[in-house]
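>>> Prediction below, plus the sequence it came from.
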Amino acid sequence: MIGYSSVENTSSCITYRLFKKEFKFEKYLMYTPTNLLKCIVKIRTRNHKLPIETGRWNGTQRADRTCQLCILSIGDEYHYLLECKSFSDYRNKYINEKYTSRPNVIKFESLMNLQAGGEYYKLCKFIKIILNHFSE
């Protein structure tokens, strides 16, 4: 099990540190439907098959873990949620334009900190679509 100090010092937890500021139980874990909860937890903990992780498993240099769909960027959570052209239609349907218009790390952090309401559930559904694409 990874302890708090490991989270602070592990490169694979870099995305997690962007939005998880306190080491505490999150209430969304109790009321999110299981099928969506699995998706949000996988993306937040990098327990998925996006190129950023599969490349790490294979020993590929970080700079070479590119998106195989558009080859524009590193295939990480930020890229698929806010940039990848292959998911544009879904992104437009599920993610509010305030996050996708001129995306940046601050908007990504804000998006990943959603924990209730319609935007949160849409985010979970969008993440599920992305993860399903990479589980095939």
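Arrived safely.

>>> contacting residues around the top helix by length along the chain?
Criterion DSSP state H: the longest helix present in the chain is helix 117-135. The contact list for helix 117-135, computed with C-beta atoms under 8 Å, 6 or more residues apart in numbering, reads 28, 32, 35-37, 39-40, 42-43, 48-50, 80-81, 87, 90-91, 93-96, 111, 114. No exception for glycine: its C-beta is placed from N, CA and C like everyone else's.

>>> Give the buried subset of those residues as a ChimeraX selection command.
In ChimeraX syntax, the buried subset of these is picked out as below (16 or more other C-beta atoms under 10 Å):
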select :28,32,36,39,40,42,43,48,50,80,81,87,91,94,95,111,114
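
>>> Can you list which of the contacts of helix 117-135 are found in strands?
Within those, no residue falls in strands by DSSP state E.

>>> Could you check how far residue 112 is from residue 101?
Residue 112 is 17 Å from residue 101, where distance means C-beta to C-beta, to the nearest Å.

>>> Neighbour count for the two, which is higher?
Taking other C-beta atoms under 10 Å, residue 112 and residue 101 do not tie; residue 112 has more neighbours (22 against 9).
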